[in-house]
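> Show me the folded form of this:
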Amino acid sequence: MQMLILAGGLGTRLRPITKRLPKCMVPAGGRPFLEHQLRLLVSRGVRDIVLCVGYLGHKVLEHFGDGHHLGAHLTYAWERNGLLGTAGAIRNAEALLAPEFFVANGDSYPVLDYRAIMRRFRHSDALGMMVVHRNEGRLRPSNVAVNDGLVTAYDNTTRIPGMAYVEQGLCVVRRRALRLIPPGMPFSQRQFLGMLARRRQLLAYETEQRIYEIGSPLGLAEFRRLITVGGLS
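Predicted coordinates:
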């Protein structure tokens, strides 16, 4: 199984920490956040990992190298001509990718059964699958509509009747779907996954498991507290 981690963003919500560090390198429990993420993935059977890096990406390479000391095999896809957006970064990494692969944000900590998710996906012909949680607007505004196992709408900016789910920061994509992403220009994952949903090519994988994240000061503080007391599960 292969994972692509989007780790090239500016991390503006965590300034001033991210003025000198990429967001994935922010410390938590005495280690960079990315190290916790990589150790989790290796423990769940995901060892082939592509890191999409841009802003201060050399610090990621200097610290982790090829990842062998963690039991992982790391390769790097560099955004050398400015930020391409989340989907543009995936397209930029196309030459490194397996026929199907996971995509996770560089600030998320998804404690999930990756084998079960990939098994479900491989039994389908869909171009993508999104991990979702039935939220009903409780934790944050719901932004995903699901019907009969398909994501029918996904939008972070416009609320549509029937949206009762939130995405969990993890999806699976077939490499051939990347041809829908314009090359060499900014394009977001929201645009890409919304396009798959409109084509009825985006499955929904529902989970009750919460996804932890460090994308905001509150999320980072909570992750630091939980990693210290062993409360991440």
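> From now on I want contacts and neighbour counts done on CA atoms only, so please keep to that.
Will do.
> Longest helix of this structure, counting residues only.
In terms of residue count, the longest helix belonging to the chain (DSSP state H) is helix 217-229.
> tell me which element Gln166 falls in.
Not quite, residue 166 is Val, not Gln. strand 165-174 (DSSP states H and E).
> Next secondary structure element downstream of that strand?
helix 189-198.
> Report the angle between that next one and strand 165-174.
In terms of direction (axes from the mean of the first three to the mean of the last three Cα atoms, to 10 degrees), helix 189-198 departs from strand 165-174 by 80 degrees.
> hmm, back to that, who touches the strand holding Val166?
With contacts defined as Cα atoms under 8 Å, 6 or more residues apart in numbering, strand 165-174 is touched by 99-105, 108, 110, 118, 121, 127-137, 140-146, 210-211.
> The most centrally placed residue in the chain: helix or strand, and which one exactly?
By Cα atoms, centre = their mean, the chain has its centre lying nearest to Ala104, at 1.6 Å. Using DSSP H and E, Ala104 maps to strand 100-105.
> what helices or strands is the worst-scoring helix or strand of the chain on mean pLDDT leaning on?
In the chain, the helix or strand scored least confidently by mean pLDDT, DSSP states H and E is strand 212-213, which has a mean of 86. Judged by 3 or more Cα pairs under 8 Å, 6 or more residues apart in numbering; DSSP states H and E, the packing partners of strand 212-213 are strand 108-109, helix 217-229.
> just how off-centre is the shortest one within its chain?
The one in question is strand 108-109. Mean-position distance between strand 108-109 and its chain equals 8 Å (Cα atoms, centre = their mean, to the nearest Å).
> May I have the strands that pair with it, each with its orientation?
Sheet pairing here is set by DSSP bridges, and for strand 108-109 it gives strand 212-213 (antiparallel).
> got the phi/psi numbers for Ala28?
Dihedral angles of Ala28 (phi, psi; degrees, to the nearest 10) stand at phi -150, psi 120.
> And it, how close does it get to Ala98?
Noted for Ala28: a distance of 31 Å to Ala98, by Cα to Cα, to the nearest Å.
> From Asn105, how far off is Leu61?
17 Å.
> Same question for His133.
In terms of Cα to Cα, His133 sits 17 Å off from Asn105.
> same check, this time on Gly219
Distance from Gly219 to Asn105, by Cα to Cα: 14 Å.
> what's the answer for Ala197, then?
Taken as Cα to Cα, the span from Ala197 to Asn105 is 20 Å.
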